[in-house]
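Visitor: The following comprises the amino acid sequence and a computationally predicted model.
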Amino acid sequence: MKDRARIPIFVASALLVLILISIGQHRYTLKGLEMVQEGYSWVERITSAPLTFFSDIWDGYIYLINTEQQNVVLKKKISALEVQNMALKELRSENDRLRGMLEFKKAYQDLPLRPAAVISQDITLVFKTIIIDKGSRDVFYKNMPIIKSEGLVGRTILVSPNTSQVLLITDVNSAVPAMIENSRVKGIVKGRGDGNLTLEYVRSDEDVKVGDVVVTSGLAGIFPKGINIGTIRSIKRVEHKMFAEIMLRPSVKIGRIEEIFGIGRDVAYSD
């Protein structure tokens with residue numbers, strides 16, 4: 001653009017030279033040429049100054065436009081990389097969970113474990129249930145024990161060909177025959193509906209301590225013996241009451257369940 005701005009200056013200078021030559025003043029030609037040169041210098045400065053100014057503005061504008069476009073492209077690339085990073089983190093997390101399930105299955109080869117994934121969770125206040133992606137076609141059945149590597153999750157209560165509904169141990173309708181792992185004191189673990197558990201029907205004079213692990217007893221023929229349920233978090237012994245008030249912390253983080261195992265029928269439930 002700057003080169004185009006010089007064309008009028010060259011034209012004006014050429015006209016001045018032609019005028020001086022046509023007058024015939026040969027002796028003043030050199031001086032005239034000097035004047036033309038000086039005039040050309042001033043004309044160039046005066047004429048090119050605004051053109052240079054606007055040219056610089058235009059170039060700056062184009063530069064800003066290009067920079068803005070580059071920024072847009074870079075932001076898109078950064079967004080794409082952030083999404084890819086999140087996807088990779090989720091894949092790593094899923095791989096870790098599946099690897100843990102595989103190791104758990106290898107460690108308990110005597111149990112007929114069938115894997116499944118959680119596809120939805122009941123968010124109402126009536127029941128604490130989850131829906132898994134396996135049903136009768138995958139040999140899942142009603143009252144099938146559902147576990148994770150950390151411990152007991154619940155049992156199936158409804159089974160369709162392709163899905164099953166699982167009643168969680170934290171539901172108020174859940175009752176699991178249990179015992180304290182060390183002392184072998186027996187009781188019933190019930191859900192409170194708030195994410196916690198209680199161990200009921202344990203006499204106040206029994207040997208029970210905070211931190212004791214509670215497992216399934218195998219009685220009633222639903223849950224196999226020895227599955228981790230939770231740990232005792234508090235004990236309250238009330239005078240003149242036969243049974244202690246015992247609170248448990250579930251071994252499984254119920255609100256974060258994604259994959260589970262169903263236990264098949266061919267398993268010993270108690271001694």
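Guide: Cool, the structure landed. Residues are numbered from 1 along each chain as shown.
Visitor: then stretch 230-250 to CSV, C-alphas only?
Guide: Extracted C-alpha coordinates of stretch 230-250, given in CSV (Å, rounded to 0.1, in the frame of the first residue of the first chain):
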residue,chain,number,x,y,z
GLY,A,230,-19.3,-52.0,57.7
THR,A,231,-17.6,-50.9,60.9
ILE,A,232,-19.1,-49.9,64.2
ARG,A,233,-18.9,-46.1,64.6
SER,A,234,-20.8,-45.6,67.9
ILE,A,235,-22.3,-47.7,70.7
LYS,A,236,-24.9,-46.4,73.2
ARG,A,237,-25.9,-48.6,76.2
VAL,A,238,-29.0,-47.3,77.9
GLU,A,239,-29.7,-48.5,81.4
HIS,A,240,-32.6,-50.9,81.7
LYS,A,241,-32.6,-51.6,77.9
MET,A,242,-31.7,-55.1,76.8
PHE,A,243,-30.1,-54.1,73.5
ALA,A,244,-27.4,-51.6,72.7
GLU,A,245,-27.9,-48.9,70.1
ILE,A,246,-25.1,-49.5,67.6
MET,A,247,-24.4,-47.4,64.6
LEU,A,248,-22.4,-48.7,61.6
ARG,A,249,-20.5,-47.0,58.8
PRO,A,250,-21.1,-48.9,55.5
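Visitor: Would you mark the buried spots in that stretch?
Guide: 230, 231, 232, 235, 244, 246, 247, 248, 250 (16 or more other Cβ atoms under 10 Å). Glycine gets a C-beta too; all of them are placed from N, C-alpha and C.
Visitor: For residue 118, see how far away the second one is.
Guide: Going from residue 231 to residue 118 by Cβ to Cβ, to the nearest Å gives 24 Å.
Visitor: Among the buried residues of stretch 230-250, which lie within strands?
Guide: If you go by DSSP state E, these have 230, 231, 232, 235, 246, 247, 248, 250 in strands.
Visitor: ok, and the closest non-adjacent residue to the first one?
Guide: Taking Cβ to Cβ, 6 or more residues apart in numbering as the measure, residue 230 lies nearest to residue 248, with 4.0 Å between them; neighbours along the chain are not counted.
Visitor: The one you found pairs with what?
Guide: residue 197, residue 232 (DSSP bridges).
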